[in-house]
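> Sequence first, then the predicted structure, then my questions.
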Amino acid sequence: MKTTLGRWVFYCLCCLSFNILWGQQDTIVMEDVVIYAVRIRGENIGGQSKKWTSPQLNRLAANNVADLLQQESNTFIKSYGLGSLATSSIRGGSAGHTLVLWNGLPLQSPMLGLLDLSLLHLNTTEEISLQKGGNTSLWGSGAIGGTLNLQNLPDAKNRFQANILSEIGSFGRWQQQGVVKLGNNNFQSHTKVIHLQAENNFQYTIAPDLPKREQSNAQLSQQNFLQNFYWTGEKQDVQAHYWYQQSERQIPPTNVQNISLAHQSDQAHRAVLNWRYYTRNSVLRAKAAWFQENLDYTDDQIFLQSNSQFTTLFAEFSDQWQWRKQQQFYLGTTQSFTTATSAGYNDKVQEHRSAFLAFYQTHCKKWSLKGSLRQEFIDGNSVPLVPSLGFEYQISPQLRANLKISKNYRLPTLNDRFWRPGGNENLLPENGWSEEIGIKSEFKEDNWTLETNTAIFNRNIDNWILWSVQDGQQFWSANNIAKVWSRGLEQRISLENRNWFRLILGYDCIRSTNQIALTLPKIEAGSQLWYTPEHQGFIKASFNWKNFAVSYQHQLVGAALGINENLPAYQIGNARLQYELQKEKYKGQLFLNIYNLWDTDYFIIERRPMPGRHWSTGVRFSIEKLKS
Amino acid sequence: MKYFFTTLLIFGLGFLNAQTTTDFETFDLSAGEFLNGSDNSGGFEADNVFLPNTFTVFPEFTTWSGWSISADTNTTMPGFMNQYSAITGSGFEESTTYAVSFSGTNLLELRGEAAGKVVDGMYVTNGTYPYLSMRDGDGFAKKFGGLTGDDPDFFLLTIKKYFEGELSADSINFYLADYRFEDNSQDYIVDEWTYIDLTALGNADSLQFTLTSTDVGQFGMNTPAYFCMDNFTTKDQATFTRAPKLELNLNIFPNPTADYLNFNWQQHQGIVQVIDLQGRILLEQILQKGNNQIDANSLVRGIYHLQFVTKEGVASKRFVKQ
C-alpha cells in the first residue's frame, strides 16, 4: 500500500512538473509511470488557441479539416464546392497565410504555398490544434493568419483497439474507415485505413421558375493509409509515422459552363522519424522526414495535361532546458531541401531552407511569458529576423488578459519564383507585424460554466505577392506590389452544463483591406480583399440526454467581394443526431448528419454552386482493451 | 476647261481603280498552318497593310500578341490550344488564309498607297476559341446568357482610327456576339465572315481594334480576346489633303536599338517626335543641324515611329526598341 501510494504521489509530482516542462504529447516512461505533457513549442501564450481531441472529432458532423474549421471555429473556408478545393482565410489572411503542420512539419505544397484542407481527413489524426495570429517565429513561413497542427499521439494505456466506421450519404457518398491500435507500455502500433467516394451530383437552382441543374463531372475518391509506431524506452522514445494519400477527383463545370472534363489526381507519401532523449533538465530532439507529392491535372476537352511533383527532406534538431520548474529555454534548427519539377518550370528547381529558432517561456502564479526569435536562410540568403512576444496575466480568478506582438513572414512559393513566364526569383518575403490583445473570463457555479473570450487584432503585411501585369509586359508576373492591413474583433461566449447542454455564440468582424490601388488586377485602395467577408457569426447548441446527443450549428456569413461577381450574404444550418452505447469494452455509435438544413442556395465562390440540403448517416463500432 | 475635265476623269478613274483587297493568301499557307511571329519579324506586311506582332521567347515558353496569319481549320476543339482558328474553318469565301488578332487592343498600320487614305472595310468572324467559350463557357469565362440564358451579354469589337497622330473620337462598333435581345432566340454569336464598312472613319494612318465583353472580372476580360479578319480593303484614296510629305534621306542607327538612336539632320528647322503604335507622342525634341541623338532608354520594347515635323512637311521612320 505504501509503495502504491508513494508511486502515486511520485506520479502526480512528475505529471505536474513535466506538464510545465514539456506538455502533454511528449511521453516518458519512468519505471512504469507514463507522463503526458504539453509540447511547449505549441503553447500559444498571448494568443488564441483551440484544440480538438479524437473523441471530440468523432462527435462532429465534420468530415475533413475544412469542415471542422468552418463549423467549429468560425473560420472562413473558401470552398469551390462539395468535394472540391477548400482553403482557409484566418483573420483576413490568404490561403497561404494558414500554416498547416503534420506532427510539427509543414504540409503546404512548396510549389503552391497552400494546402487543400478538404484532403485532410479528421480521422488521420488524434488531435488538431488551431492557433490564431502570427506564429512565424515558432513555426516558420506562412504562420501569419493561423497555424493548424495535426498530431498523431500514442496511448500508453491502450492494449488493443479496433474501430470501424461505415457511412453513406447523399450524392453517392460512401465512406469506410478502419483503425487498429495495439501495444503495451513501451510499444504502440496504430494503423488507419480510410476510403471515401462520392458522386457529388447534387442539383442546384438556376432560377425559381426553371428546373434544377445537376452537377456533373464531380466524382471523388480518396484513400488514406497511416501507420504510426511509438516506442518508449527509459530515457528516450522514437516515433515513426507514414502517411499515404491518394485522391482522384473530377473538376466540375462552373454554373455558366456546359461541360467539364477536367480531372485532378493528388498523391502523397509522407514519412517522419522522431527521436527524443530525456535527461533530468532537458529534452534533446531529432527529427527527419521525407515528403513526396504529385499533382496531375488533365483536361481532355482542351488537351491540357499538367504534371508536377516535389520532394522535401526535413531535418530538425532541438534541445530544451528547464530551470526552477517554471522556466524553459528552447534552441533548435530546421533544415529542409526541396526539389520540384513542373511543366511550368524551366528545369528541375530546388530550394534549401535553413532556420534557427530560440525561445524562452515562463509560467508564474499570475502571469506567463513567451519570447521567441527565428532567423531563416533561403538558398543562403537571409530573411529578416522575426521576434515574437506573448504575455498573459491572471487579473482575477475569473479574468485573464493576453497580449501578443510578433513579426511574421511568408516566403515566395516555388511557382512565384520559378514559373515561366512570370516567376520572379528576386521576390521578397511578405512580411509585417501583428498585434493582438484579448481578455477571457470564466464563471463556474455547480455544473454550469459561462466563458467569454474577446480578442482584437491588427496586422500589416508589406510586399504582399500578387500576380499582375506590369507596364511593358504581355504576361502575368509575380510581384511584391501589394500592402494589406487586417484588423478585427473576435467574440465568443459559451454556456455549458457539463451534464447535458452546451451553447456557443461567436461573431467575427474582420476588415482586411488593400492599401495600394492597382490597375490589373483591378484593386482600389481601401477595398476589402476578395473572398473575405467582413462579418461572420455562428451559434451552436448541443444537448445530451441519456445515450442521445443532438446538436445544431447555424452559420451566418456576410457579403464578400469576388473576382467576377460580388457574393451575397448567406446563412446555413447543420444538425447532428447521435446515439451512443457502451457495454464494457464495446462501444457503438449511430449518427445522422443533415447539412444545409434549410436548403439555402448559396455560393462561397461565384459560379461554383454549393449543395442544398443533404445528409449522411453511419455507424461506428469499436472494441477497446485498456491496461488493466 | 477641257484640261479640267480630263484631270477630273483621270482622278475619278484613279479613285475607282485605287482599291486594294488584302486576303493574306500571299503568305502561301497550307491548311492547318499558321504564322505567329516566331521569326521575330515584328509583324506581317501584305499589300498596303502591316499587322504588328510581338513574339517573346522564354525558356520552354513563348508568347505572342498582336496578329497572326492562319490557315487553321479546327472548328471543334475548345481552349487556348486552338487559338489560331476561325469558327468558319477557312478564310472568307472558303479561302485558305486569314488573320487572327489576339489582344484587348490591337493595331493595323496602313502603308504605301493606303497610308492616310480611306479604308473601305473588312470581313470579320469569331475565332473558334472565343466562339466555343461564349457558347459553352470554360473554366474562366461564362457562357453567354448566363445561367438562365437571359444575361444581356455581348462581345464587342470597336474600331477607331489614328490620323496624323490623333485617335479619332468616332468609332465603328461590331458585335461579335450579342445576347441583349428580349427574345433569346435572337441572341447570336457570329459564326460567318461578316463585312464591316469602315468608310465612315475617313482618312486613316492606322486602325485600332478594341475588344470588350460583359464577362469581365478584376483580372480583366474573361472572354478570350481574339477575332479573325480577312479581305481587308483599302480605298488608297484620300478624302482630303493631308500635310505634305517631306522627302527624307537620312539613316537612323542603330535600329533596332537598346538605348540611343542617332541620325544626321541637314534639313529645315523642326521637331522630332517618338510616337508609339497607338499614336501617342512619347518623346519630343528640337531638330539640330548635324548629329542628333534620341534617348530611347525609357521606352518599353516594341515598334515606334520617329516623326519629323517641319514647316515644309512631315515624314516618319520606323524603329524597334529592343
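Received, thanks. Residues are numbered from 1 along each chain as shown, chains lettered A, B, ... in the order given.
> Can you pull up the residues of the stretch 51-200 of chain B that come close to chain A?
On the criterion Cβ under 8 Å from any Cβ of the partner chain, chain A has as its neighbours in the stretch 51-200 of chain B the residues B:54, B:56, B:58-61, B:63, B:65, B:77-82, B:135-139, B:142-143, B:146-148. C-beta coordinates here come from the backbone N, C-alpha and C atoms, glycine included.
> What subset of those is buried?
B:54, B:56, B:65, B:78-79, B:82, B:135-139, B:142-143, B:146-147 (16 or more other Cβ atoms under 10 Å in any protein chain shown).
> In helices only, show me these.
When those are checked against helices (DSSP state H), the matches are B:135, B:136.
> So which of the buried ones among the residues of the stretch 51-200 of chain B next to chain A are in strands?
Using DSSP state E, the members of those that fall within strands are B:54, B:56, B:65.
> what's residue A:415 in contact with, if anything?
Taking Cβ atoms under 8 Å, 6 or more residues apart in numbering or on different chains as the criterion, residue A:415 is in contact with A:111, A:112, A:113, A:342, A:344, A:423, A:478.
> so what strands line up beside the helix or strand harbouring residue A:328?
Here residue A:328, judged by DSSP states H and E, is contained in strand A:327-342. For strand A:327-342, the paired strands and their directions (DSSP bridges) read strand A:304-323 (antiparallel), strand A:349-363 (antiparallel).
> In contact with residue A:67, which residues are there?
Contacts of residue A:67 (Cβ under 8 Å, 6+ apart): A:60, A:61, A:77, A:122.
> Can you tell me the element the third one falls in?
When you say that, I think you mean residue A:77. In this assignment (DSSP H and E), residue A:77 forms part of strand A:76-79.
> cool, the first one as well?
Taking DSSP H and E as the criterion, residue A:60 maps to no regular element, lying outside all helices and strands.
> Burial check on it, number of neighbours?
Here the number of neighbours of residue A:60 (other Cβ atoms under 10 Å in any protein chain shown) works out to 20.
> ok, back up a step: please identify which of the buried ones among the residues of the stretch 51-200 of chain B next to chain A is nearest to residue A:380.
Each of these was scored against residue A:380 by Cβ to Cβ, and residue B:56 proved nearest at 30.9 Å.
> helix/strand/coil for the residue nearest to the closest one when sequence neighbours are not counted?
Of all residues not flanking residue B:56 in the chain, residue B:63 sits nearest, at 5.0 Å (Cβ to Cβ, 6 or more residues apart in numbering or on different chains). Secondary structure state of residue B:63, per DSSP: H, G, I helix; E, B strand; the rest coil, is strand.
> quick one: contacts for residue B:63?
A:421, A:474, A:475, B:55, B:56.
> Return the residues in contact with residue A:534.
Residues counted as contacts of residue A:534 (Cβ under 8 Å, 6+ apart) are A:509, A:510, A:511, A:528, A:558, A:559, A:560.
> Repeat that for residue B:158.
B:171, B:172, B:173, B:174, B:209, B:210, B:211, B:212.
> Kindly state the pLDDT recorded for residue A:595?
What the model reports as pLDDT for residue A:595 is 97.
> Name whatever forms a beta bridge with it.
Applying DSSP bridges, one finds that residue A:595 bridges with residue A:614.
> pLDDT weak spots in the chain?
No chain was given, so I picked chain A. Counting by pLDDT under 70, chain A has low-confidence residues at A:1-40.
> could you do chain B instead?
B:1-18, B:59-60, B:237-245, B:277-280.
> 90 instead?
For chain B, applying pLDDT under 90 flags the ranges B:1-19, B:39-41, B:55-63, B:104, B:113, B:164-165, B:235-253, B:255-258, B:264-290, B:296-322.
> which residue sits closest to residue 259, ignoring its sequence neighbours?
In the absence of a named chain, this looks at chain A. That would be residue A:253: by Cβ to Cβ, 6+ apart, it lies 5.8 Å from residue A:259.
> Switch to chain B, please.
Setting aside the residues directly before and after it, residue B:259 is nearest to residue B:297 in space (Cβ to Cβ, 6+ apart), at 5.2 Å.
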